[in-house]
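Undergrad: With the input below, show me the fold.
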Amino acid sequence: MTDKAQVIFANGKPAFVVIPYDDYVVLAGAKARRSQKSGQHEFVPFVLDEFIRNPIRVLRIEAELNQSQLAKRLGVSQGYVSRIEGRNYKASDRLLARIRTALKRK
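TA: Residues are numbered from 1 along each chain as shown. Modelled structure (predicted):
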């Protein structure tokens, strides 16, 4: 693979990444190779939780919130949200339920 990715920003934050097609085929695996051979172009949806392992971070990103916004809804610090979104943090069912409840509030 190559490091020639193009990052597209929106509101000063990374929004999209464009990579060479051959790199996409490597990342997408057999499904992309089949569609490439048949000449068909197919939309492959991006599934966030296939790339991010922490369910808390996935929920927050899908809710389109930053860490500070989630922290405010939970009544905790942004630093705490950062810690619970860490790679090795194992979220309890109780914490996940609390976060889901907080994300439903607007």
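Undergrad: Pull the residues that contact the longest helix anywhere in the chain.
TA: Ranked by residue count under DSSP state H, the longest helix found in the chain is helix 93-104. Defining contact as CB atoms under 8 Å, 6 or more residues apart in numbering, one finds that helix 93-104 is touched by 55, 56, 59, 60, 63, 65, 70, 73, 74, 84. To be clear about C-beta, it is placed using only N, CA and C from the backbone, and glycine gets the same treatment.
Undergrad: again, only using 10 Å
TA: Counting contacts by CB atoms under 10 Å, 6 or more residues apart in numbering, the residues outside helix 93-104 that touch it are 55-56, 59-60, 62-65, 69-76, 81, 84, 89, 91-92.
Undergrad: Determine how far that helix lies from the middle of the whole chain.
TA: Remark: helix 93-104 is offset 18 Å from the chain centroid, using CA atoms, centre = their mean, to the nearest Å.
Undergrad: domain ranges for this structure?
TA: Structural domains assigned to the chain are 6-38, 48-104, following automatic domain parsing.
Undergrad: Please list only the buried members of the contacts of helix 93-104.
TA: Neighbour-count burial (16 or more other CB atoms under 10 Å) is assigned, among the contacts of helix 93-104, to 55-56, 59-60, 63, 65, 69-71, 73-74, 81, 84, 91.
Undergrad: still on that earlier bit, looking at the domains of the chain, which is buried most?
TA: Each of the domains of the chain was scored by mean neighbour count; the highest is domain 48-104, a mean of 14, by mean count of other CB atoms under 10 Å.
Undergrad: Now the longest helix of the chain: average pLDDT?
TA: Over the span of helix 93-104, the pLDDT mean works out to 93.
Undergrad: Equivalent analysis for stretch 66-86, please.
TA: 95.
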